[in-house]
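Participant: here are the coordinates; sequence isn't available:
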């Protein structure tokens, strides 16, 4: 949105989803650290792309938006192509995970009816069947093909539940846990994030004996993690990935800090079985979203321009006078304006990014006239939700 307006007359997954992308890196080990190279955006899709895991060393599976729902996508690293595992039409799938010793994956499905259950999907055919009845599973990992470890919705939070599929039993190990569940490499243990105390802790669990042990406190308020094959934990927060190896480290150390604005808020990390690759998920930064809007404005591309806004976008004159509301109202105004302004161009003289807000000082050309203005953009879930203009 340019300031020319100044001059013109449930369930668990049923929440607003952010605009995220999945990136893939090559992991190169060196003395006491690792280097991440060969950055690729493997989702490259407008909407929710999240929850990556590795089916094998050549395929990354993740939840991806298409046709108004979330399905399971598979990225072939060698061929650099995306394929789709399922097309059920019953609802949306999340958290796809390889099932041990099977050519199949498990995924949480949120049906259009609101029912949320864990399903098994054949990797080749997409045929599906329910894995565990009655449990509302949010996140999961496999200890073996018969033992499932899950974060289960209960009493407004998540419980750690061990399910023995062969025996048909479900045992609640602990209440108040996080979403990140992983098999610890070269061990018979699972890791999980305990939220019982004010300071969150990464703990290990032996699903057979029930024994637990604290490993380390999490990076403050960080939620997601993964294990490298050498026993190092990676945990992201903001644009930084931290590392901790229980065998050699006494505290978290910064592994890498990304300067790419596309990687400003990393929320997920996952590695392949040999730890030669790392998949990460990042929200699209407010700066990138506003820049896409600027580029579409200068190209006078009405559809690309409107794609950067929420459906209920609100426009204000500073400080709080509402002038316009709704994407369709913007279409009526700007479609005609773009067509009758062939020299339209906005240049950014200064830009400040503070949290989810982008403040642009703009120099605008339109029909032979030039003028300056300021716009304050507010971003919610990957879209511009509010713009305030200062005359």
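Facilitator: Noted; the coordinates are in hand. For clarity, every value in this text was computed on a predicted model and none was experimentally measured. Numbers count the residues shown, from 1 in each chain.

Participant: Could you pull up the residues touching residue 272?
Facilitator: Shown in contact with residue 272 (CB atoms under 8 Å, 6 or more residues apart in numbering): 54, 56-57. Every residue, glycine included, has its C-beta placed from N, CA and C.

Participant: Quick check: the gap between residue 249 and residue 243.
Facilitator: Look at residue 249 and residue 243: by CB to CB, to the nearest Å, they are 8 Å apart.

Participant: returning to that earlier point: from the contacts of residue 272, keep the buried residues only.
Facilitator: By neighbour count, with 16 or more other CB atoms under 10 Å, the contacts of residue 272 hold residue 54 as buried.

Participant: more crowded one of residue 249 and residue 243?
Facilitator: Each of residue 249 and residue 243 has its neighbours counted (other CB atoms under 10 Å); residue 243 has more, 18 against 13.

Participant: Please, where are all the strands along the stretch 151-300 of the chain?
Facilitator: Remark: strands assigned in the stretch 151-300 of the chain by DSSP state E, counting those that start in this stretch are 157-164, 169-175, 182-183, 190-194, 201-205, 212-217, 226-227, 233-237, 240-244, 253-257, 265-271, 277-283.

Participant: same question, the stretch 1-150 of the chain
Facilitator: 20-30, 33-41, 49-56, 59-66, 69-76, 81-84, 91-98, 104-111, 116-122, 128-132, 137-142, 147-154.

Participant: State the mean pLDDT of the longest one.
Facilitator: Per-region confidence: strand 20-30 scores 91 on mean pLDDT.

Participant: Same check on the fourth one?
Facilitator: For strand 59-66, the per-residue pLDDT values average out at 94.

Participant: what are the pairing partners of that strand, and which direction each?
Facilitator: strand 49-56 (antiparallel), strand 69-76 (antiparallel) (DSSP bridges).

Participant: and stretch 278-288, how far apart are its ends?
Facilitator: Using CA to CA, to the nearest Å, the end-to-end distance of stretch 278-288 comes to 23 Å.

Participant: follow-up on the earlier one: could you export the strands of the stretch 151-300 of the chain as CSV, including distance to residue 382?
Facilitator: Formatted as CSV, these follow (distance: least, CB to CB, whole Å):
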stretch, distance to residue 382
strand 157-164, 25
strand 169-175, 32
strand 182-183, 27
strand 190-194, 25
strand 201-205, 29
strand 212-217, 31
strand 226-227, 24
strand 233-237, 18
strand 240-244, 21
strand 253-257, 23
strand 265-271, 11
strand 277-283, 7
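
Participant: Between the ones you listed, which one is closest to residue 19.
Facilitator: Using CB to CB as the measure, strand 277-283 is the one of these that comes nearest residue 19, at 7.0 Å.

Participant: What is the closest one packed up against?
Facilitator: strand 20-30, strand 49-56, strand 265-271 (3 or more CB pairs under 8 Å, 6 or more residues apart in numbering; DSSP states H and E).

Participant: got those as TSV, with distance to residue 76 columns?
Facilitator: Formatted as TSV, these follow (distance: least, CB to CB, whole Å):
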stretch	distance to residue 76
strand 20-30	11
strand 49-56	10
strand 265-271	16
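
Participant: how about these, which one is nearest residue 99?
Facilitator: Closest approach to residue 99 among those is made by strand 49-56 (10.0 Å; CB to CB).

Participant: Can you give me the buried ones in the closest one?
Facilitator: In strand 49-56, counting by 16+ other CB under 10 Å, buried: 49-55.

Participant: How about stretch 182-194?
Facilitator: Neighbour-count burial for stretch 182-194, counted by 16+ other CB under 10 Å, picks out 182-184, 189-194.

Participant: and those, which two are the farthest apart?
Facilitator: Maximum pairwise distance among the buried residues of stretch 182-194 (CB to CB): 17.3 Å, between 183 and 194.

Participant: where does the chain dip in pLDDT?
Facilitator: Along the chain, segments meeting pLDDT under 70 span 1-17, 88.

Participant: what about residue 246, distance to residue 132?
Facilitator: Counting by CB to CB, the gap from residue 246 to residue 132 is 31 Å.

Participant: Would you mind saying which of the strands of the stretch 1-150 of the chain lies nearest residue 381?
Facilitator: Proximity to residue 381, assessed across the strands of the stretch 1-150 of the chain by CB to CB, is greatest for strand 20-30 (9.6 Å).

Participant: Quick check: neighbours of that closest one in the sheet, parallel or antiparallel?
Facilitator: Note on strand 20-30: by DSSP bridges, its sheet partners are strand 33-41 (antiparallel), strand 277-283 (antiparallel).

Participant: what would those look like in CSV with distance to residue 108?
Facilitator: CSV is the format used below for these (distance: least, CB to CB, whole Å):
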stretch, distance to residue 108
strand 33-41, 25
strand 277-283, 16
